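Asks: Compute the structure for the input listed below.
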Amino acid sequence: MSTTLSTGQLPHHQASKGVWAKPRAWQQEAYDLYTQRGPRDFLAVATPGAGKTAFALRIAGDLLERRVVERLIVVAPTEHLKQQWADAAARGNISIDPAFSGKSGKTSRDFDGVAVTYAGVSVASNALRVRCERFKTLVILDEIHHAGDAMTWGEAVREAFDPATRRLSLTGTPFRSDANPIPFITYAPDDELIPRSASDYAYGYGRALADGVVRPVLFLAYSGDMKWRTSAGDEIAARLGAPMTKDLAAQAWRTALDPAGDWVQKVLEAADKRLTEVRRDVADAGGLVIATDQDTARAYAKLLAAIVGEKPTLVLSDEPKASKRIQEFADGTSRWMVAVRMVSEGVDVPRLAVGVYATATQTPLYFAQAIGRFVRARRRGETASVFLPTVPTLLQYAAEMEVERDHVLRPPSSEDEDEDALMQQAEQAETMPDYLQEGMGFQALNSEAAFDRLVYDGNEFGGELGEDETEFLGIPGLLEPDQVTELLKRRRSQPKRKEPEAASAPVAEPAEATYERLGVLRRELNGLVAAWHHRTSLPHGAVHADLRRACGGPLAVQASAEQLQARIDLIRTWAVQRGATG
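Replies: Below is the predicted model of the structure:
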């Protein structure tokens, strides 16, 4: 039976807190910084898979042991993560109640603390505030950016935990730009006098990759010809990823994701083939398909069952049974899991090695959360493989994996507002989002899949690579990440082998000259971008994006000779100007 804890009452057991494994270098650095400062508020930004939970619980154990605090409150985004925090804490001899109800404010005296969700804080802020007033409390705010999702959540978090003795905020995903300040975060003006969040310690994906803490990710993008009928009855055919209006691009993307089309079938087959290769060396390696809504998730699961001959784990909602299914998958050796949003953030399934991004959600926050499920490293030489549609926005996110973002306090543009609305729909509902329901007369007619390009280490490798040439990439233990990069660059520098023509075949000089010209220009541009990267440390994808913004036009693989030459001329101008200024 639960009992109400009185002021000053300590847990009945007196065992030492905080029996942890040897910390990683970044965890020790951040821990030393925290203990040296002894701050009331501390923001740690660390890439997904780096070990934020262990870092935070080590601090909690130390503060409880030294009686700096008497109680612990963990605030997590989902019900599943509450249980995950409780399990992780138990390994360090810290007892957390994941079933705590804020409304009653009661728990057993056997617990050192409780876990609640941000939604739970919003409905029980007064009870939690009383708890913080009665006991010296450490509050761990996991994925603190959720406190900025809605004004009511932010206000509730501030109201509940304002009296807390210590507050440790964690995040591992890109902040977005909006006008809502996140509670307990420090903001400082940047060069343009715009308030920007200031972390106390940051550990980005780039450094984690160099340390071997996370895996590099191979992104395999698939294009193909799409055909659909609009709500007005017009039939439209287009190639996925080709230049087109925003509405047409969304419709082409939607056609590709249609479970009845060939695109999804072929991509799932390719992803399962990759998983088979990985499992030759890592027997328990698993795959994850991220779907847009429940109906498509069920359809994808049926497709996978037919392809693999094994029924995948299907996760549809944030319910106890769903959490159990995720845990069983994490602990097991089955091949595939299909989910809508349960694994978008924080859920720890280290054996995930292959993914299919088959959702229409395109915000940087959601993309980073999704890819974060694949980056946790278990041994050297591992590389994750993520299959995705050739959508320029997604390719840009893939190329900018190493970019670190702060929370910028400024009114969002209309496009940002639209993306935030889409994000909320994707996070809060598992039925088809409204933005896909618009014009229900829409009908996907046909889709085909074709390997388009590979994105790795900020570089794009397109026409010079065939699908068969990428099959060996990402196989555990075969190549180190830097060797993969070197091999791909060397492959790109080699002329594409041509099949010998029959003596009687006509020579297509003009077409061949165009192909050769485009290939030369792409290689020159990529070489200049690589040189600029080494000179400025900017990611390759960011440099390509800057050139496209300045010169216009599509991605380099789709650009004309004139557009490629314009970018080459511009980046050479940058080099001259930088050299002139020293």
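
Asks: Give me the helices and strands touching the helix or strand containing residue 271, please.
Replies: For residue 271, the host element (DSSP states H and E) is helix 262-279. Counting contacts by 3 or more C-beta pairs under 8 Å, 6 or more residues apart in numbering; DSSP states H and E, helix 262-279 is packed against strand 217-223, helix 246-256, strand 286-291, helix 294-308, strand 352-358, strand 384-389, strand 443-447. In this view, the C-beta of every residue, glycine as well, is placed from N, C-alpha and C.

Asks: could the ones you listed go into a markdown table alongside mean neighbour count and mean pLDDT?
Replies: A markdown table is the format used below for these (neighbours: other C-beta atoms under 10 Å; pLDDT from 0 to 100):
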| stretch | mean neighbour count | mean pLDDT |
| --- | --- | --- |
| strand 217-223 | 24 | 90 |
| helix 246-256 | 19 | 92 |
| strand 286-291 | 27 | 95 |
| helix 294-308 | 18 | 95 |
| strand 352-358 | 26 | 95 |
| strand 384-389 | 25 | 94 |
| strand 443-447 | 18 | 93 |
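
Asks: and the residue positioned nearest the centre of the chain, what pLDDT?
Replies: In the chain, the residue lying closest to the centroid (C-alpha atoms, centre = their mean) is residue 368, at 2.1 Å. For residue 368, the model assigns a pLDDT of 82.

Asks: doesn't residue 143 make contact with it?
Replies: No. In this structure, residue 368 is not within contact of residue 143 by C-beta atoms under 8 Å, at 11.4 Å.

Asks: quick one on the thing from earlier: how about the helices and strands packed on helix 262-279, which one is nearest residue 518?
Replies: strand 217-223 (16.9 Å; C-beta to C-beta).

Asks: for the chain, which helix is longest?
Replies: Longest helix in the chain by number of residues (criterion: DSSP state H): helix 509-536.

Asks: What helices and strands are in contact with it?
Replies: Here helix 509-536 touches strand 459-461, helix 481-493, helix 540-551, helix 561-580, going by 3+ C-beta pairs under 8 Å, 6+ apart.

Asks: switch to 7 Å and redo it
Replies: Helix 509-536 makes packing contacts with helix 481-493, helix 540-551, helix 561-580 when contacts are defined by 3 or more C-beta pairs under 7 Å, 6 or more residues apart in numbering; DSSP states H and E.

Asks: Could you dump the helices and strands packed on helix 262-279 into JSON lines with distance to residue 338 added?
Replies: What follows is these, written out as JSON lines (distance: least, C-beta to C-beta, whole Å):
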{"stretch": "strand 217-223", "distance to residue 338": "18"}
{"stretch": "helix 246-256", "distance to residue 338": "17"}
{"stretch": "strand 286-291", "distance to residue 338": "5"}
{"stretch": "helix 294-308", "distance to residue 338": "5"}
{"stretch": "strand 352-358", "distance to residue 338": "9"}
{"stretch": "strand 384-389", "distance to residue 338": "14"}
{"stretch": "strand 443-447", "distance to residue 338": "19"}
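
Asks: closest one to residue 399 among those?
Replies: Checking the helices and strands packed on helix 262-279 against residue 399 by C-beta to C-beta gives strand 217-223 as the closest, at 8.4 Å.

Asks: ok, residues contacting that closest one?
Replies: By C-beta atoms under 7 Å, 6 or more residues apart in numbering, the list of residues contacting strand 217-223 from outside reads 239-241, 263, 267, 371, 374-375, 383-390, 395, 398, 401, 449-456, 470, 473-474.

Asks: Now a ChimeraX select for only the buried ones of these.
Replies: Typed into ChimeraX, the line below selects the buried ones among the contacts of strand 217-223, using 16 or more other C-beta atoms under 10 Å:
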select :239,240,241,263,267,371,374,375,383,384,385,386,387,388,389,390,395,398,401,449,451,452,453,454,455,456,470,473,474
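
Asks: after the helix or strand containing residue 138 comes which helix or strand?
Replies: Residue 138 belongs to strand 137-141 when assigned by DSSP H and E. Taking DSSP H and E as the definition, the helix or strand that follows strand 137-141 towards the C-terminus is helix 151-161.
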